[in-house]
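K.L.:
Provide a 3D model corresponding to the input given below.
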Amino acid sequence: MGKVLFVIAPKNFRDEELMEPKKVLEGKGHKVVVASMGKNECTGMLGKKVKPDIDVKEAKAEDYDAVIIIGGSGAAGLAENKEVLKLVKKAKELGKVYGAICIAPMVLGKAGVAKGKKLTLFRSEEAVRMVKEGGAEIVEQDVVQDEKMITASGPKAAKKFGEAIDEML
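P.N.:
Numbering: from 1, shown residues only. Presented below is the predicted three-dimensional model:
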């Protein structure tokens, strides 16, 4: 089975966007590893506390079959993190599955891995700007798969997002 890396913001990641796909993937036998900036406990927008398995600085795309960025208002900070951007670029380069949910596709836009691709996202002004600057086309669907890139629109699509990642693996 696959090994999946979820990257979350230290504060204000979206609880169900992490927990629902994680539950789906683990239920299918995949190993899920959670990374963030440092190993301190992270807090979701709805109050969920999660202790990351690893610091994003230690994460190597080579070690995973998929690299997924989790949304929530804290995800804007992930788009400014060089380590996160490097990780996503490397995942694409290596032909791995990569993706993001909610506003997190802004990370894909910023990393330059969404150029010429279709994606979906939770529409915030900043997220839309970043994905368009990154050369992506926004489509109105819950989950969008374009080659090895997979995106989802937000919390309501979290379970379907997890199922889509499982199918790609």
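
K.L.:
Buried residues in the helix or strand harbouring V32, which are they?
P.N.:
Assigned by DSSP states H and E, V32 belongs to strand 31-36. For strand 31-36, a neighbour-count test (16 or more other Cβ atoms under 10 Å) marks 32, 34-36 as buried. Just so you know, the C-beta spots here come from the backbone N, C-alpha and C atoms, and that holds for glycine as well.

K.L.:
Just the closest of these to A75, please.
P.N.:
Closest to A75 out of these is S36 (11.4 Å), distances taken as Cβ to Cβ.

K.L.:
does the closest one really touch N12, like I thought?
P.N.:
No: judged on Cβ atoms under 8 Å, S36 makes no contact with N12 at a distance of 11.6 Å.

K.L.:
need the contact list for the residue nearest to the spatial centre of the chain.
P.N.:
The geometric centre of the chain, computed from its C-alpha atoms, lies nearest to I69 (Cα atoms, centre = their mean), at 1.7 Å. Taking Cβ atoms under 8 Å, 6 or more residues apart in numbering, we find I69 in contact with 7, 75, 78, 84, 88, 99-101, 104-105, 107-108.

K.L.:
so what pLDDT did it get?
P.N.:
On pLDDT, I69 comes in at 98.

K.L.:
what is it paired to in the beta sheet?
P.N.:
I69 forms beta bridges with V7, A100, as assigned by DSSP bridges.

K.L.:
P52 in helix, strand or coil?
P.N.:
coil (DSSP: H, G, I helix; E, B strand; the rest coil).

K.L.:
Help me confirm that it comes into contact with L18.
P.N.:
No: in this structure P52 lies outside contact range of L18 using Cβ under 8 Å: 10.8 Å.
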